[in-house]
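Novice: model the structure of this input:
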Amino acid sequence: MIDSRFSLARLDPSEDTVTGTGYQSSNGMLRHDVPHIRRIRHGIMPLFSEQNIAPWREEVEAVANDLISKLLDGEQPSDLNKRYFEPFIVRVVALSAGITNDEIERLYGFSNRVLVRVENTEDRAEICAAWSELYDYSSHLIDKKLSDPDGRLLSKIFAEFKKSRLCDDETVAASGTILAGFYTPFGILSVCAVELLRHRSVVKACRNDPRLWERTVDEIMRHKAHFNFFLPRVATEDVTLGNVNIRAGQVLLSSLHAAVTDPDSFTSPDALNAHRDQTRCNIVFGAGLHFCPGAALSRQWLQVGLERLFTTLPSLWLANRYGDLEWRPGSISMPKKVPVTWDNEARLVGYQT
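Specialist: You can find the predicted model right below:
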């Protein structure tokens, strides 16, 4: 991912038969190598720092509390995907980005159409059309935020792009990449919750020591809730990796699962262990200059979403057997539904909406 002998910029869209990355604009953030990608990212990275996003945590917690209150008033069993995870991510995106309810629906629709696995050759036209529509939307949103800034994340990002003297096409394409990625925590949140429902001892440990939530979220992402593979790269020269000879021009698709379950990097890699001594598993968010800008923001949403849910409802259980869950294929395989039940009498004493 950081080796200059492997390029994103040289990827021929027709050779990207799995991820759809190659179908976005050649000016998109996922289609550049050093040094140009550095110019695009330089001004916006501080906006996504843990320090700068920390003040938003209280607002995110308020969203979680409101949704949990509504969940408790509903019938059982209840699908957490529809009643909690999806609306939670949609609402916190709106808060951080500073977009209206109408824009929420449109942006969420774009995200679901551009960040998909390529299943057959007919998908190409649909994915290309979705990216084109997203860029049109991005252009409109950029003009709106620059003329009437609101102090939220998108206004600041667009202002930094303008300050960096990116041309219009670069600004629109880079913004489209960021907008498309806002909703990816939905699937991760769903998978993380299912794993916690299967590992009650981990939930208990986190309730006893809330400091463990941060480490637990990172560990679940390493263990299960991550993209299946890295972005494709093109070899710019003949390369030998291990015993494999790679010819210049060949497309590589690296397995993220293999990386996060490497026994040379992780002791008992197939086990979920919230007490691991290893440092934060950053590799699930990429590496180098293509490390996900929104990593800290995603972590905040995941930590708050899971902590509020499992702290408030210690009696939460899967309504069906784990083996009966149906899974949706995609870049992140996630359950179609997460049906749960709970004991209303066992909710956390002192919980405030």
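Novice: need the contact partners of stretch 175-188.
Specialist: If you take C-beta atoms under 8 Å, 6 or more residues apart in numbering as the criterion, stretch 175-188 is touched by 24-25, 28-30, 85-86, 89-90, 93, 97, 107-108, 110-112, 114-115, 131, 134-135, 137-138, 141-142, 157-158, 161, 221, 225-226, 292-294, 298, 301-302, 330, 332, 334. All C-beta spots, glycine's among them, are computed from the backbone N, C-alpha and C.
Novice: next one: it to chain centre, how far?
Specialist: 6 Å (C-alpha atoms, centre = their mean, to the nearest Å).
Novice: can you offset everything so residue one is 765?
Specialist: Will do, 765 is the new start, and the previous item becomes stretch 939-952.
Novice: would you mind checking the contacts of stretch 939-952 for buried ones?
Specialist: Among the contacts of stretch 939-952, those classed as buried by 16 or more other C-beta atoms under 10 Å are 788-789, 792-794, 849-850, 853-854, 857, 861, 871-872, 874-875, 878-879, 895, 898-899, 901-902, 905-906, 921-922, 925, 985, 989-990, 1056-1058, 1062, 1065-1066, 1096, 1098.
Novice: which of the residues you listed fall in strands?
Specialist: Among those, the members falling in strands (DSSP state E) are residue 1098.
Novice: which ones are touching the closest residue to residue 1082 other than its chain neighbours?
Specialist: Using C-beta to C-beta, 6 or more residues apart in numbering and skipping the chain neighbours, the partner closest in space to residue 1082 is residue 961 (5.1 Å). Taking C-beta under 8 Å, 6+ apart as the criterion, residue 961 is in contact with 1080-1082, 1104.
Novice: and the helix or strand harbouring residue 961, what's buried?
Specialist: Under the criterion of DSSP states H and E, residue 961 resides in helix 949-962. For helix 949-962, the neighbour count (16+ other C-beta under 10 Å) marks 949-961 as buried.
Novice: Throw the residues you listed into a markdown table and include distance to residue 824 and pLDDT, thanks.
Specialist: As requested, those are exported to a markdown table (distance: C-beta to C-beta, whole Å; pLDDT from 0 to 100):
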| residue | distance to residue 824 | pLDDT |
| --- | --- | --- |
| 949 | 11 | 94 |
| 950 | 14 | 95 |
| 951 | 18 | 94 |
| 952 | 15 | 95 |
| 953 | 12 | 97 |
| 954 | 17 | 97 |
| 955 | 19 | 96 |
| 956 | 16 | 96 |
| 957 | 16 | 97 |
| 958 | 21 | 97 |
| 959 | 21 | 96 |
| 960 | 18 | 97 |
| 961 | 22 | 96 |
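Novice: from those, which is closest to residue 1048?
Specialist: residue 952 (8.9 Å; C-beta to C-beta).
Novice: residue 1079 against residue 1104, yeah?
Specialist: No. Residue 1079 is not in contact with residue 1104 according to C-beta atoms under 8 Å; the separation is 10.0 Å.
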